[in-house]
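In: Below is the sequence, then the predicted model.
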Amino acid sequence: MAKFVIAIDQGTTSTRAIIFDKSGSIISTGQLEHEQIFPRAGWVEHDPMEIWNNTREVIGSALAKANLTRHDIAAVGITNQRETAVVWDRHTGIPVYNAIVWQDTRTQPIVDRLAADGGVERFKARVGLPLATYFSGTKIVWILENVEGAREKAEAGDLMFGTTDTWVLWNLTGGLEDGVHLTDVTNASRTLFMDLETLQWDDEILAAFDVPKSMLPEIRSSSEVYGVASGHSLLRETPIAGILGDQQAATFGQAAFDQGEAKNTYGTGNFLIFNTGTEIVHSQNGLLTTLGYKLGDAEPHYALEGSIAVTGSLVQWLRDNLGIIKTAEEIEPLALSVEDNGGAYFVPAFSGLFAPYWRADARGALVGLTRYVNKGHIARAALEAIAYQSREVLDAVNADSGVPLTELKVDGGAAANDLLMQFQADILGVSVVRPVVAETTALGAAYAAGLAVGFWNDLGELRSNWQEDARWEPSMDIAERDRLLRNWKKAVTKSLDWVDADVV
């Protein structure tokens, strides 16, 4: 009998395969980074073929490290960077263009064109999302309008679209040899095309975007058997049985299954998800309404989400672009070399500001500088920016839900940073809790797959796996918290209204 489940975590900076046992503990991991391609300011791309090749390699690495074979694996789950768009030729399997990443802002003119009739909330009542460059719908339009021959091929039914879950699933199930072209409700809810109530593609919206429906994958639940790995895979004949977009997967991995439960993931960006149960709640405070999960034929669960574009990637920027640190881990001791931020505030609006502002005209700003400020203060300001942005999103969640959170579950790479977690608790004024298994994104995908094949019996069994690793309680004086937040909000105003006709 198979004793493990493998999750493929196709993220923004890397692809991982993680094998979990029945207790939700990690057995082994394979991981490979892929190239971040920046053709112009505001453009971010990935090579889909590199991602697929890395996926195959990390599967092999994870199996080899644990000395396991496909016979030991009960099911495969997939989780992914959600809004990143891949368009490929149905007959060759070759992408017609690089994947356009969720952070990419090139589609702002398309957003403006669509918003000319009805504003940025033109379709929000149906899809839960404002018109924004963030979502994959406008990225498909850009490819159809700018890649030679793409429009003609799409209208002839020769092109396929998918977020990276769909791209990995199609290849893993055989690609040109009967590859399965599917996505789940959570990823479909990030395209701008899926009706939240019917969980189907909206024909009227597709017509407004001029995107042929034939390109789109079939929408399925987050937990069911979609197909099996092809004979060319190390996992051949293993059922692929779970798909969740990365933030929904992290919520599921945190066992936040019920209405009123929430988590905050500290990754490339930050994403706070608040489970609203089977009720669709439309935000009045700049949050997104999205699918939380759908298990087989059961009712869907919805969520409010606060999406922050730049958090962990700000640390990468300090490392790669400025050379202030050599590794991401160095930021904590550098920030601890000073007692406070020295009056410096860093607003990392590199791709505009996401929740709760949704300001595409914003750009990054480092303010409050004096001769006193050194690289330690800048490192501290960068970490603090992550916490300030999360505070603003949590304020919006509290306003929309009417039930203030009393503690926040955290996960993701930066959740390992103790200085950041303590400052987060201080600036929120609530407890911050980290689980033993911090890789909750991959764990959530594994859970979804395992439930579909009976590896786990029910949500109660999964909830019992969750264990607390560390907890931070707020200790900051309220007056100091208020002062810091007031200065942060002032700093945000300095980042606004930057982009106009002659500024890229």
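Out: The structure has been received and is ready for your questions. Values in this document were obtained by computation on a predicted structure and should not be read as measured data.

In: At which residues are the strands of the stretch 101-250 of the chain located?
Out: With DSSP state E, counting those that start in this stretch applied, the stretch 101-250 of the chain shows strands at 159-162, 182-184, 218-220, 223-228, 239-245, listed in chain order.

In: Repeat that for the stretch 251-400 of the chain.
Out: 262-266, 270-277, 288-293, 301-308, 345-347, 365-367.

In: residues touching T370, list them.
Out: By C-beta atoms under 8 Å, 6 or more residues apart in numbering, the residues touching T370 are 342-343. For the C-beta atoms, the positions are set from N, CA and C on the backbone; glycine is no exception.

In: where does it land on pLDDT?
Out: pLDDT for T370: 97.

In: ok now do D361, which residues does it touch?
Out: 352, 496-500 are the contacts of D361 under C-beta under 8 Å, 6+ apart.

In: swap in D202?
Out: Counting by C-beta under 8 Å, 6+ apart, D202 has contacts 123, 126-127, 193-195.

In: Closest one to T183 out of those, please.
Out: If you rank those by distance to T183 using C-beta to C-beta, M194 comes first, at 9.4 Å.

In: Report how many residues lie close to that closest one.
Out: 28 (other C-beta atoms under 10 Å).

In: Without its sequence neighbours, what residue ends up closest to it?
Out: Nearest in space to M194, with sequence neighbours left out and distances taken as C-beta to C-beta, 6 or more residues apart in numbering, is A188 at 4.2 Å.

In: per-residue confidence for that neighbour?
Out: pLDDT, A188: 98.

In: Need the winner for burial among the strands of the stretch 101-250 of the chain.
Out: For those, average neighbour numbers computed from mean count of other C-beta atoms under 10 Å are highest in strand 239-245, which has a mean of 29.

In: That one: partners in the sheet, and parallel or antiparallel?
Out: strand 73-80 (parallel), strand 223-228 (antiparallel) (DSSP bridges).

In: E473 and M421, how far apart?
Out: 11 Å (C-beta to C-beta, to the nearest Å).

In: Neighbour count for those two, which is higher?
Out: Applying other C-beta under 10 Å to E473 and M421 shows that M421 carries more neighbours, namely 23 against 11.

In: Next, the angle strand 262-266 makes with the helix or strand that contains the more buried one.
Out: M421 is part of helix 418-428, with elements assigned from DSSP states H and E. On the basis of axes from the mean of the first three to the mean of the last three C-alpha atoms, to 10 degrees, helix 418-428 is oriented at 140 degrees to strand 262-266.

In: For stretch 141-160, list every residue counted as buried.
Out: 141-144, 147, 150-151, 153-154, 158-160 (16 or more other C-beta atoms under 10 Å).

In: Next: stretch 257-274.
Out: Buried residues in stretch 257-274 (16+ other C-beta under 10 Å): 257, 259, 261-274.

In: buried sites along stretch 125-144?
Out: 126-144.

In: distance between the ends of stretch 124-133?
Out: When the termini of stretch 124-133 are compared using C-alpha to C-alpha, to the nearest Å, they are 14 Å apart.

In: that older thread, now distance to A344 too, for the contacts of D202, in TSV please.
Out: Below are the contacts of D202 laid out as TSV (distance: C-beta to C-beta, whole Å):
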residue	distance to A344
F123	40
R126	43
V127	39
F193	42
M194	42
D195	45
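
In: so where's the longest helix in this protein?
Out: helix 375-401 (DSSP state H).

In: Give the phi and psi angles for the closest residue to G42 other than its chain neighbours, as a check.
Out: Closest residue to G42 apart from its sequence neighbours, by C-beta to C-beta, 6+ apart: T105 at 4.1 Å. Per-residue torsions, T105: phi -120, psi 10 (degrees, to the nearest 10).

In: where's T105 relative to G137, distance?
Out: Distance from T105 to G137, by C-beta to C-beta: 15 Å.

In: neighbours of G454, just the number please.
Out: 10.

In: could you say which helix or strand contains it?
Out: Using DSSP H and E, G454 falls outside every helix and strand.

In: roughly how far apart are it and A241?
Out: 10 Å.

In: so what's A17 bridging to?
Out: I8, G30.

In: From what I see, it and A62 are in contact.
Out: Yes. Between A17 and A62 there is a contact under C-beta atoms under 8 Å: 4.0 Å.

In: between those two, who's got more neighbours?
Out: A17 (29 against 26).

In: any idea how far that one lies from L235?
Out: The value you get for A17 to L235, if C-beta to C-beta is used, is 10 Å.

In: re the thing from before, touching both of E473 and M421, which residues are there?
Out: Counting by C-beta under 8 Å, 6+ apart, nothing touches both E473 and M421.

In: ok, the nearest residue to A344 once chain neighbours are set aside - contacts?
Out: Leaving out its chain neighbours, the residue that sits closest to A344 by C-beta to C-beta, 6+ apart is A381, at 4.4 Å. When contacts are counted by C-beta under 8 Å, 6+ apart, A381 touches 341-342, 344-346, 366.

In: and R236, what does it touch?
Out: R236 neighbours (C-beta under 8 Å, 6+ apart): 70, 228-230.

In: Serialize the residues you listed to CSV and add fields for distance to I37.
Out: As requested, those are arranged in CSV below (distance: C-beta to C-beta, whole Å):
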residue, distance to I37
R70, 33
V228, 33
A229, 29
S230, 28
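
In: Tell me which two in the residues you listed are the farthest apart.
Out: Among the contacts of R236, R70 and S230 lie farthest apart (C-beta to C-beta), at 11.7 Å.

In: export stretch 454-462 as PDB, just CAs?
Out: C-alpha atoms of stretch 454-462 as PDB (Å, rounded to 0.1, in the frame of the first residue of the first chain):
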ATOM      1  CA  GLY A 454      -8.800   8.100   0.400                       C
ATOM      2  CA  PHE A 455      -5.300   8.500   1.700                       C
ATOM      3  CA  TRP A 456      -6.800  10.800   4.300                       C
ATOM      4  CA  ASN A 457     -10.400  10.300   5.400                       C
ATOM      5  CA  ASP A 458     -11.700  13.800   6.100                       C
ATOM      6  CA  LEU A 459     -10.900  17.300   7.200                       C
ATOM      7  CA  GLY A 460     -10.900  16.400  10.800                       C
ATOM      8  CA  GLU A 461      -7.900  14.100  10.200                       C
ATOM      9  CA  LEU A 462      -6.100  16.900   8.500                       C
END
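
In: For it, which residues meet the burial criterion?
Out: 455-456, 462.

In: quick revisit: among the buried residues of stretch 125-144, which lie within helices?
Out: 126-127, 136-144.

In: what touches both of A17 and A62?
Out: By C-beta under 8 Å, 6+ apart, the residues touching both A17 and A62 are 6, 29-30.

In: For P435, give me its contacts.
Out: So P435 contacts 254, 409, 411, 466-469 (C-beta under 8 Å, 6+ apart).

In: which residues does it form a beta bridge with?
Out: E468.

In: same question, V87
Out: Here V87, judged by DSSP bridges, has bridge partners F161.

In: Distance check, it against G162.
Out: Where G162 is concerned, V87 sits at a distance of 8 Å (C-beta to C-beta).

In: hang on, the earlier thing: let's have the strands paired with strand 239-245 in CSV, adding distance to M1.
Out: Shown next, in CSV, are these (distance: least, C-beta to C-beta, whole Å):
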stretch, distance to M1
strand 73-80, 8
strand 223-228, 18
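
In: Would you format those as CSV with distance to P39 and mean pLDDT included?
Out: Formatted as CSV, the strands paired with strand 239-245 follow (distance: least, C-beta to C-beta, whole Å; pLDDT from 0 to 100):
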stretch, distance to P39, mean pLDDT
strand 73-80, 22, 97
strand 223-228, 33, 97
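
In: D195 reaches G128, doesn't it?
Out: No. The pair D195 / G128 is not scored as a contact, 9.7 Å apart, by C-beta under 8 Å.
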